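**Q** 3D model of this:
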Amino acid sequence: MNESTLEKMNQMKFYGMKNSLQNLLETNQHQKLTNDEFLSMLIQAEWEDRENRRINRYLKAARFRYKASVEEINFEKHRNLDKTQLLRLCECHFIGKGENLLITGPTGVGKSFIASAIGHQACMKGYRVLYFNIQKLFPQLRMLKADGSYLKQVNKIAKQDLLILDDFGLQPLDAQSRMMLLELIEDRHGKKSTIISSQIPVAKWYDIIGESTIADAILDRMVHTAHRLNMKGQSLRKITKNNE
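**A** Reported below is the predicted structural model:
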């Protein structure tokens, strides 16, 4: 009967429950449990297994640049990171409120890593996340316009709880990229959260976007009420290379 039960659990995809039951039977631990304890243990095992699988799906779908975690963040003073502020951001309440985060600083100081760490934390808390290098995103979207799947991708991006746009401003936006960015930001404004990382100070984003009307619209939606991390210091990649 136990073999039949295990097989039915497997067919119904109750993998956590099946593994827990199998372990209890093999160790004879089930004989020491009350019916309530036995049932509770099976349900808890199934719940944890489904949560872990869901988190792994979210992490895979996000396509982060780095496998980053909050625990790995370096809070040395020269980086100009407010530990209290960053740890609060990692609680992800700003995502639930549809607020934005802007991370700026020189090349190599760890902006992408921190954005990825916050994104990883968001996945752990059940938020859907997508990461893009913005220099690659717009060419991809232009290709999707050509094959007719542009709207499908834009709608997918709009539904994500957190969108991470990395390396913004390495080159000025052309007219098409400018309109694409406005569409992405407009779809998310006040509803979903966006993280933008950039080497360029926020004060210079107006010039990077170009075309005053579009720049005003984008910055009004992205910047004015956003949380900010303004990082400083030497490139961590350069420091690591010098220490080798």
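**Q** Tell me the spacing between residue 41 and residue 126.
**A** Between residue 41 and residue 126 the distance is 23 Å, computed by C-beta to C-beta, to the nearest Å. Backbone N, C-alpha and C define where each C-beta goes, glycine included.
**Q** swap in residue 143?
**A** Noted for residue 143: a distance of 32 Å to residue 126, by C-beta to C-beta.
**Q** Nearest residue to residue 70 in space, please, no chain neighbours.
**A** residue 90 (4.9 Å; C-beta to C-beta, 6 or more residues apart in numbering).
**Q** ranges for the strands of this structure?
**A** 101-104, 129-133, 162-168, 193-198, 227-230 (DSSP state E).
**Q** Give me the contact list for the longest one.
**A** Residues from elsewhere that reach strand 162-168, judged by C-beta atoms under 8 Å, 6 or more residues apart in numbering: 64-65, 95, 111-112, 115-116, 119, 122, 127-135, 137, 157, 184, 188, 192-200, 205, 208.
**Q** mind running it again at 7 Å?
**A** 65, 95, 112, 115, 119, 122, 127, 129-135, 157, 188, 192-198 (C-beta atoms under 7 Å, 6 or more residues apart in numbering).
**Q** Am I right that the residue nearest to residue 70 is in contact with residue 121?
**A** Yes - between residue 90 and residue 121 a contact is recorded at 4.9 Å, counting by C-beta atoms under 7 Å.
**Q** which neighbours do the two share?
**A** residue 70.
**Q** With mean pLDDT and distance to residue 11 added, can I get the strands of the chain in a markdown table?
**A** Shown next, in a markdown table, are those (pLDDT from 0 to 100; distance: least, C-beta to C-beta, whole Å):
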| stretch | mean pLDDT | distance to residue 11 |
| --- | --- | --- |
| strand 101-104 | 96 | 44 |
| strand 129-133 | 96 | 32 |
| strand 162-168 | 96 | 36 |
| strand 193-198 | 97 | 39 |
| strand 227-230 | 94 | 47 |
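**Q** Low-confidence regions, the protein specifically.
**A** The chain contains residues with pLDDT under 70 at 1, 235-244.
**Q** quick one, helices of it?
**A** Using DSSP state H, the helices of the chain run over residues 2-11, 15-27, 35-62, 83-89, 93-96, 111-124, 134-147, 150-159, 175-188, 205-209, 212-222, 236-243.
**Q** Find the residue at the geometric middle of the chain.
**A** Geometric centre of the chain, nearest residue: residue 119, 2.6 Å, by C-alpha atoms, centre = their mean.
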